[in-house]
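Engineer: Give me a model of this one.
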Amino acid sequence: MALLATKLLLAPSFVVGASLVARRFGPRVGGLVAGLPVVAGPILLAYALAHGRSFAAGAAAGTLLGLVSLIAFVVVYARLAGRLFWGASLLAGWLAFAVATAAFSAVSIPPGAALAVAGAGMLVGLVLLPRPGAEAPSHPAPPAWDLPVRAGCALALVLSLTAVAGWLGPQLSGLLAPFPIIATVLATFTHAQRGTDELLRLLRGLVSGFGAFALFCFTLAISLRRLDTGAAFALATAVALLTQAGALAVGRGLRRQVGAPSRASWWRTRSLASAKRTAS
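Structural biologist: Model prediction:
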């Protein structure tokens with residue numbers, strides 16, 4: 001029963017939650033929230049409940065390498081989005097994920113080394129991602145069916161992945177755990193409804209949030225061999241949330257520093273204009 005609830009409720013609920021955050025606070029913050037292991041986490045929990053803690057620990061270590069495949073999906077989708085419609089961009093991104101996953105399937109390295117590889121992948125991904133243009137105008141409210149369809153897409157992908165996990169083993173199951181479920185749903189809906197610039201803001205926020213994702217998986221890979229399932233997932237979740245909270249705080253501080261000179265320049269321009277009007 002707990003396994004069924006994990007599959008049916010957690011991942012679709014997280015997809016809906018990230019979508020609502022993006023609507024309320026903008027695509028960058030929505031991407032940061034989606035960068036949390038909001039889908040891979042429930043999948044790894046399902047692995048632990050169905051196949052045991054040792055299986056889930058091995059899968060968590062594999063997921064760190066799978067995160068690089070997820071970044072490949074994001075980069076390929078983003079670089080094609082300005083030239084192709086969402087369906088073609090999606091297929092190309094999925095192909096990039098599949099190629100990277102096939103390459104990593106023959107690799108087995110310790111969790112610490114896998115964490116370093118994931119961190120390097122994040123840095124390279126941010127460099128390769130195109131930058132968005134100017135802030136886009138407001139968009140009309142999405143239709144009523146939007147959130148239920150997003151949740152349904154996430155549920156279908158989660159059920160497919162967890163159904164085949166027992167046949168694939170922990171390494172390949174872990175590599176597939178970060179399959180771009182939430183990235184697929186958020187990217188395609190944002191691309192189709194709000195355009196390329198909003199998509200790029202979302203995807204940059206998404207990759208920026210993968211540090212919390214990586215630390216979540218690393219913590220699980222280590223702690224599941226020593227703690228019970230509930231304690232290990234609670235610890236990993238706390239690490240991810242603290243990491244993301246720190247990233248949001250640093251981002252706000254940087255935006256204030258960048259915005260302060262702009263506001264000062266605006267006040268200087270206004271003062272000069274007022275002085276000219278007075279002199280004339």
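
Engineer: For this protein, which segments count as strands?
Structural biologist: For the chain, no strands are identified by DSSP state E.

Engineer: Quick one: the helices in it, in order.
Structural biologist: 2-5, 11-25, 27-34, 40-51, 53-81, 86-104, 111-128, 146-176, 181-194, 196-208, 210-223, 229-279 (DSSP state H).

Engineer: want to throw these into TSV with mean pLDDT and mean neighbour count?
Structural biologist: To be clear about C-beta, it is placed using only N, CA and C from the backbone, and glycine gets the same treatment. Output for the helices of the chain, formatted as TSV (pLDDT from 0 to 100; neighbours: other CB atoms under 10 Å):
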stretch	mean pLDDT	mean neighbour count
helix 2-5	52	11
helix 11-25	73	19
helix 27-34	72	25
helix 40-51	81	24
helix 53-81	91	26
helix 86-104	92	18
helix 111-128	93	17
helix 146-176	71	18
helix 181-194	82	22
helix 196-208	87	24
helix 210-223	92	25
helix 229-279	67	12
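
Engineer: What is the end-to-end distance of stretch 171-186?
Structural biologist: Length of stretch 171-186, first residue to last, CA to CA, to the nearest Å: 27 Å.

Engineer: nope, stretch 217-235 is what I meant
Structural biologist: 11 Å.

Engineer: So what's the gap between it and the chain middle?
Structural biologist: In terms of CA atoms, centre = their mean, to the nearest Å, the centre of stretch 217-235 is found 21 Å from the chain centre.

Engineer: Other residues contacting it?
Structural biologist: 37, 40-41, 44-45, 48-49, 53-54, 56-58, 60-61, 63-64, 67, 111-112, 114-115, 118, 236, 239-240 (CB atoms under 8 Å, 6 or more residues apart in numbering).

Engineer: let's see it at 10 Å
Structural biologist: 37, 40-42, 44-45, 48-49, 52-67, 110-112, 114-115, 118, 174, 177-178, 216, 236-240 (CB atoms under 10 Å, 6 or more residues apart in numbering).

Engineer: Please tell me how far G30 sits from P12.
Structural biologist: 16 Å (CB to CB, to the nearest Å).

Engineer: And for P148?
Structural biologist: P148 is 9 Å from P12, by CB to CB.

Engineer: okay, which residue is most central for this protein?
Structural biologist: What sits nearest the mean C-alpha location of the chain, by CA atoms, centre = their mean, is G35, with 2.8 Å.

Engineer: Name all residues that make contact with it.
Structural biologist: Applying CB under 10 Å, 6+ apart, one finds that G35 lies in contact with 18, 70, 122, 182-183, 205-214, 240, 243-244, 247.

Engineer: cutoff 6 Å now
Structural biologist: For G35, the contact set (CB atoms under 6 Å, 6 or more residues apart in numbering) comprises 206, 209-210, 213.

Engineer: between those, which is nearest S160?
Structural biologist: Nearest to S160 out of the contacts of G35 is F213 (CB to CB; 20.6 Å).

Engineer: Could you find the closest non-adjacent residue to the closest one?
Structural biologist: Excluding its sequence neighbours, the residue lying closest to F213 (CB to CB, 6 or more residues apart in numbering) is P37, at 4.9 Å.

Engineer: Would you confirm that that neighbour contacts F216?
Structural biologist: Yes. Here P37 reaches F216: they are 4.6 Å apart, a contact under CB atoms under 6 Å.

Engineer: Now V107. Its backbone dihedrals?
Structural biologist: In this entry, V107 is assigned phi and psi values of phi -110, psi 130 (degrees, to the nearest 10).

Engineer: For stretch 125-132, which outside residues touch it?
Structural biologist: Contact with stretch 125-132 is made by 71, 75, 78, 197, 200-201, 204, 207, as judged by CB under 6 Å, 6+ apart.
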